[in-house]
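In: no FASTA, just this:
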Ligand SMILES: Cc1cc2nc3c(=O)[nH]c(=O)nc-3n(C[C@H](O)[C@H](O)[C@H](O)COP(=O)(O)OP(=O)(O)OC[C@H]3O[C@@H](n4cnc5c(N)ncnc54)[C@H](O)[C@@H]3O)c2cc1C
């Protein structure tokens, strides 16, 4: 489990490296004493969940005159939020397989109705982020356009086709969606798929709404807007070690800084949550793991008028988006890294972001030149320039834990985003702010996200993410040998 102070040095992402100036919030209140008065809302964790939480709690009419403090163990967005793919992209109908597969078989175990509510929610998250960025006039490299989801196998195409049919039918049976225009198209023409996606072995593709953003700048702007109200502040290098209830308030012990008192506490600690809840079902339900991403300087064949025009997810391959001027940011989901044989489960289920192993690093370096048509030769200084790691938080049914923690009055949580937080968090925290201040669950927030004892019980049916055998060094060694990996540690590329 994560320990503070952190016993390793983290890799640095493209986003963290390109938001270092005086407009950033690095080191904010690092040496300042904590407030001594009782704070209305203390948020633990300053990622996109913690900063959007602070933003929503400080909007006019939500909790006027109430105070907000964000305690961040390191710097703002030093966790997954500052290390992700920058893709703010709703799932398409392709995700119906994951969402409706039973828990015992590795899915979320939802009904089709629940699943399309999750898809609709993600579509609304993109609208929420778009409206906020436009309204606030934030300079966060926001792009809104379309994502293509590329299928490269006949099997993948058939599955996608089935899901498209199910999705169209389910929308027609849903009172809120019936008669509305589907936001995704599905194209099975192989020639067109290759041309439109520029992936040389594409056989079909879907197209639908997506966004991308500089996530480190976005988290910074959410926090700065909250602070601009004069009711919120951020304390960097303030890791919370423990909590206790005394005299009707929560007391949080902060490493080397003493205690801070809060009427209500909201945990936005994602991959680090289990260590704060040892012995509780939350610690079993949430499992940290690692993912990696790379920033790729495009060769001339993919620059200027030939730059990418869409963001992507590719069957068994990466997800990627393009930045306005600094090339592509691309990641490989952990299940695909495992399937491709470039990572063992033992390398995936770790709780650090200190290094990127050789297999995944090599894969990220080689993907574009091997798969994009006419990518061509990369000159020195083109291709994968920086590769980094980040810690994410898997949940037993792939859905986040949101709401008041059972049995802990005045203690809330928004955690467990299963590698897909950019597509969910900005609205999750908006509805959580409503729940905290009105005690009402807004029906716009899928009930399937709610923390309940029943979810903890059901979670026991889920397949283990990693078995004891897979943790065994000797077997992991055999696997690495089989796929040609030495398991060598490769530092982030600078
Ligand atoms: C390589 C990679 C690629 C990804 N790509 C995408 C993508 O393209 N699209 C997408 O939707 N999602 C993506 N994700 C997932 C997404 O980044 C996360 O779901 C999201 O950022 C989670 O936000 P968060 O605020 O909950 O967690 P985090 O950003 O991890 O924030 C948690 C914060 O809590 C702090 N903290 C922890 N413990 C304590 C404590 N005890 N006291 C005080 N502070 C504490 C941490 O330091 C951290 O800053 C990716 C993640 C990674 C790593």
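Out: Arrived safely, thanks for sending. These numbers come from a predicted model, not from an experiment.
In: mind listing the helices for the stretch 201-350 of the chain?
Out: Ranges of helices within the stretch 201-350 of the chain are 215-227, 273-276, 281-285, 334-339, 345-348, based on DSSP state H, counting those that start in this stretch.
In: Flag every residue of the stretch 151-300 of the chain that's near the ligand.
Out: For the stretch 151-300 of the chain, the residues in contact with the ligand (C-beta under 6 Å from any ligand atom) are 239, 240, 268, 269, 270, 271, 272, 276, 291, 292, 293. Yep, even glycine has a C-beta here, placed from its N, CA and C like the rest.
In: hey, which of the helices of the stretch 201-350 of the chain is tucked in deepest?
Out: Burial of the helices of the stretch 201-350 of the chain is given as mean neighbour count (mean count of other C-beta atoms under 10 Å); helix 215-227 ranks first at a mean of 25.
In: List of residues touching that one?
Out: Applying C-beta atoms under 8 Å, 6 or more residues apart in numbering, the contact partners of helix 215-227 are 13, 15-16, 18-19, 23-25, 46-48, 51-52, 54-55, 57-58, 68, 70, 76-77, 81-82, 84, 86, 129, 133, 136, 138-142, 232-234, 422.
In: Helix, strand, or coil at residue 435?
Out: helix (DSSP: H, G, I helix; E, B strand; the rest coil).
In: Count residues in the vicinity of the nearest residue to it once chain neighbours are set aside, would you?
Out: Nearest non-adjacent residue to residue 435, counting by C-beta to C-beta, 6 or more residues apart in numbering: residue 441, 5.8 Å away. Residues lying near residue 441 (other C-beta atoms under 10 Å) number 17.
In: and the spatially closest residue to residue 179 that is not a sequence neighbour, how many neighbours?
Out: Once flanking residues are discounted, residue 179 sits nearest to residue 172: 7.9 Å by C-beta to C-beta, 6+ apart. Residues lying near residue 172 (other C-beta under 10 Å) number 12.
In: And residue 251, by the same measure?
Out: 16.
In: and if you look at residue 124?
Out: Neighbour number of residue 124 under other C-beta under 10 Å is 13.
In: hang on, it in a helix?
Out: Yes. Using three-state DSSP, the assignment for residue 124 is a helix.
In: can you tell me how far it sits from residue 427?
Out: 6 Å (C-beta to C-beta, to the nearest Å).
In: between these two, what contacts are shared?
Out: Residues touching both residue 124 and residue 427 (C-beta under 8 Å, 6+ apart) are residue 444.
In: and the spatially closest residue to residue 374 that is not a sequence neighbour, how many neighbours?
Out: Nearest non-adjacent residue to residue 374, counting by C-beta to C-beta, 6+ apart: residue 301, 5.5 Å away. Residues lying near residue 301 (other C-beta under 10 Å) number 15.
In: Likewise for residue 60?
Out: Residues near residue 60, counting by other C-beta under 10 Å, number 7.
In: Next one: the residue nearest to the spatial centre of the chain from residue 381, what distance?
Out: Centroid check for the chain by C-alpha atoms, centre = their mean gives residue 421 as the closest residue, at 3.2 Å. Residue 421 sits 32 Å away from residue 381, taking C-beta to C-beta as the criterion.
In: List, one by one, the residues from the stretch 1-150 of the chain near the ligand.
Out: Counting by C-beta under 6 Å from any ligand atom, the residues of the stretch 1-150 of the chain near the ligand are 44-50, 71-74, 78-81, 83-87.
In: Of the residues you listed, which belong to helices?
Out: For those, the ones inside helices are 48, 49, 50, with DSSP state H as the criterion.
In: How about the second one, nearest residue that isn't a chain neighbour?
Out: What that stands for is residue 49. With sequence-adjacent residues excluded and distances taken as C-beta to C-beta, 6+ apart, residue 49 is closest to residue 268, at 3.6 Å.
In: What is the burial count for the one you found?
Out: The burial count for residue 268: 30, using other C-beta under 10 Å.
In: circling back to that earlier point, select from the residues of the stretch 1-150 of the chain next to the ligand every entry located in strands.
Out: 44, 71, 87 (DSSP state E).
In: Quick check: the closest residue to the last one other than its chain neighbours vs residue 214, distance?
Out: Same thing as residue 87. Leaving out its chain neighbours, the residue that sits closest to residue 87 by C-beta to C-beta, 6+ apart is residue 321, at 4.8 Å. Look at residue 321 and residue 214: by C-beta to C-beta, they are 11 Å apart.
In: With residue 102 instead?
Out: 38 Å.
In: and these two? which has more neighbours close in?
Out: Neighbour count, other C-beta under 10 Å: between residue 102 and residue 214, residue 214 has more, with 25 against 13.
In: Now do the same for the more buried one: its pLDDT.
Out: pLDDT for residue 214: 98.
In: same deal with residue 484?
Out: The per-residue pLDDT reported for residue 484 equals 36.
In: now swap in the one 5 residues further on and tell me
Out: We have a pLDDT of 41 for residue 489.
In: cool, the one 5 residues further on as well?
Out: Residue 494 is assigned a predicted lDDT (pLDDT) of 20.
In: quick one: contacts for residue 284?
Out: Contacts of residue 284 by C-beta under 8 Å, 6+ apart are 396, 456, 459.
In: sorry, back to before: on the three-state scheme, the residue nearest to residue 179 is what?
Out: Criterion first, three-state DSSP; result for residue 172: helix.
In: That one contacts residue 182, correct?
Out: No. Assessed by C-beta atoms under 8 Å, residue 172 is found out of contact with residue 182, at 9.8 Å.
In: returning to that earlier point: joint contacts of residue 321 and residue 214?
Out: Residues touching both residue 321 and residue 214 comprise residue 86, with contact defined as C-beta under 8 Å, 6+ apart.
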